[in-house]
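**Q** Could you look at this predicted model? Sequence included:
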Amino acid sequence: MKSAAVVNYAPERGSVEIREIPKPTIGEEDVLLEVAAVGVCGSDLHQWTADHSWPVNYPVVLGHEFGGHIVELGSRVAGWREGDRVVSETAAVIDPNNPMSRRGLYNLDPTRKGFGYGVDGAMTRFVRVPARCLHRVPDALAFEQACLTEPCCVAFNAVVENTRLKPGDRVIVLGPGTIGILCAAVARLCGAEVAVVGLASDRHRLGIAGHYGAEVIVGDATEWARRRDGLGADCVIDAAGVSATLKLAMQLVRPDGGITKVGWGPQPLGFSLDPLVQKNVTLQGSFSHNWPVWERVIALLASGQLDVKPIIGGVWPVTEWQAAFERMHQGEVVKSVLKPG
């Protein structure tokens, strides 16, 4: 049996196309998942436009935000049944003996390979998934929302685990993409005052950020940053990733404040980091997520405390991947979702 798949086949710009691929063969500790829905991530777009900064094993099926039903179990898989509704973490390959994996921080294992760049992802009908990656999805949570557990976990890990916000903190999020908006949403759940900053071309996405209780700012956020006592924001979350936003973050953050960088960007900085020293600022990177984060986020999604419906701009068949990619790339929607069926 062959299925249509969205394949990134070379490092050159635009090297993505639909290909027919065979049904995967699973190992004894894997399950075969029939994909119900898969989110389009900014990293998928970056591989399509060839401006990414991570190694890719070409050719590879894109897609790492996904959920579906188990249709086949490996011989050593326990605790799961065919038909179970699940979502999957992204750490498709890890070294269980790596010191980071032993601490439960397998997301920081340097040998880790993820779906959609290291191994085949989920923009197709069937995907092979290690059983250790699975989490149950409550029946009441539709897959169009459940498949976005992964970006929610990126935001939760950045805001809660790495930034450790407190109620009343004043937080600026730079970049109104999926991760930026979700970081704002999680920061609001933590009791923070939040502003999301973008460009004039981001007005639609900034409007979505407003649904989550964030103040939206086009352009200069200096006045908002200094509104309380003139010193700046307690925390700036850089969800844009380009060099200029880190420089901006250093200007907006208060002395003894923090900057959390969750956005990727391969460009050299081209400016001094002395303001970090002068202001005694903590610069924190945040990458991926792990098992406890997923369990907490699924609970938030299932309870309705974290609602991803406002960011979903449309659902497309997987064969119409290019339209879904284009709408996101142009900023017309925050998040596109594909349905392989």
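**A** That came through, no problem.

**Q** And the residue nearest the centre of the chain, how close does it get to Leu108?
**A** With distances taken as Cα atoms, centre = their mean, Pro151 lies nearest the centre of the chain, 3.0 Å away. From Pro151 across to Leu108, the span is 18 Å (Cβ to Cβ, to the nearest Å). Quick note: C-beta positions are derived from backbone N, CA and C, even for glycine.

**Q** can you pull out the strands in the stretch 101-250 of the chain?
**A** In the stretch 101-250 of the chain, strands defined by DSSP state E, counting those that start in this stretch lie at 113-114, 126-130, 134-136, 170-174, 193-198, 215-218, 233-238, listed in chain order.

**Q** Please name whichever of those strands is nearest to Phe66.
**A** strand 126-130 (7.0 Å; Cβ to Cβ).

**Q** partners of the closest one in the sheet?
**A** Strand 126-130 pairs in its sheet with strand 30-39 (antiparallel), by DSSP bridges.

**Q** that older thread, contacting residues for the residue nearest to the centre of the chain?
**A** Residues in contact with Pro151 (Cβ atoms under 8 Å, 6 or more residues apart in numbering) are Gly39, Cys41, Glu65, Thr178, Ile179, Leu182, Lys335.

**Q** tell me the pLDDT at the closest residue to the third one other than its chain neighbours?
**A** If the residues on either side of it in the chain are set aside, Glu65 comes closest to Gly39, at 3.4 Å by Cβ to Cβ, 6 or more residues apart in numbering. Gly39 is assigned a predicted lDDT (pLDDT) of 98.

**Q** So Gly39 is in contact with Val334, correct?
**A** No - contact criterion Cβ atoms under 8 Å: Gly39 and Val334 do not qualify, at 10.6 Å.

**Q** Can you tell me how far Gly177 is from Cys41?
**A** In this view, Gly177 and Cys41 are 10 Å apart by Cβ to Cβ.

**Q** same question, Arg226
**A** In terms of Cβ to Cβ, Arg226 sits 34 Å off from Cys41.

**Q** between those two, who's got more neighbours?
**A** Neighbour count, other Cβ atoms under 10 Å: between Arg226 and Cys41, Cys41 has more, with 26 against 15.

**Q** OK, contacts around the more buried one?
**A** By Cβ under 8 Å, 6+ apart, the residues touching Cys41 are His64, Glu65, Gly116, Glu150, Pro151, Thr178.

**Q** what does Pro340 give?
**A** The contact partners of Pro340, by Cβ under 8 Å, 6+ apart, come to Ser3, Ala4, Val35, Ala36, Val38, Ala122, Met123, Thr124, Arg125, Pro317, Val318.

**Q** try 7 Å
**A** Pro340 sits next to Val35, Thr124, Arg125, Val318 when contact means Cβ atoms under 7 Å, 6 or more residues apart in numbering.

**Q** which of those residues lies closest to Asp84?
**A** The closest of the contacts of Pro340, once distances to Asp84 are taken by Cβ to Cβ, is Val35, at 14.0 Å.

**Q** Touching, that closest one and Phe66? I think so.
**A** Yes - using Cβ atoms under 7 Å, Val35 makes contact with Phe66 at a distance of 5.4 Å.

**Q** what is in contact with these two at once?
**A** With Cβ under 7 Å, 6+ apart as the test, Val35 and Phe66 both reach Ala122, Val127.

**Q** quick one: which of those two has more around it?
**A** The neighbour comparison of Val35 against Phe66 (other Cβ under 10 Å) goes to Phe66, with 32 against 27.

**Q** What score does that one have for pLDDT?
**A** Reported pLDDT for Phe66: 98.

**Q** So it is in contact with Val38, correct?
**A** Yes - between Phe66 and Val38 there is a contact under Cβ under 7 Å: 4.1 Å.

**Q** what is in contact with those two at once?
**A** Common contact partners of Phe66 and Val38 (Cβ under 7 Å, 6+ apart): Ala122, Cys147.
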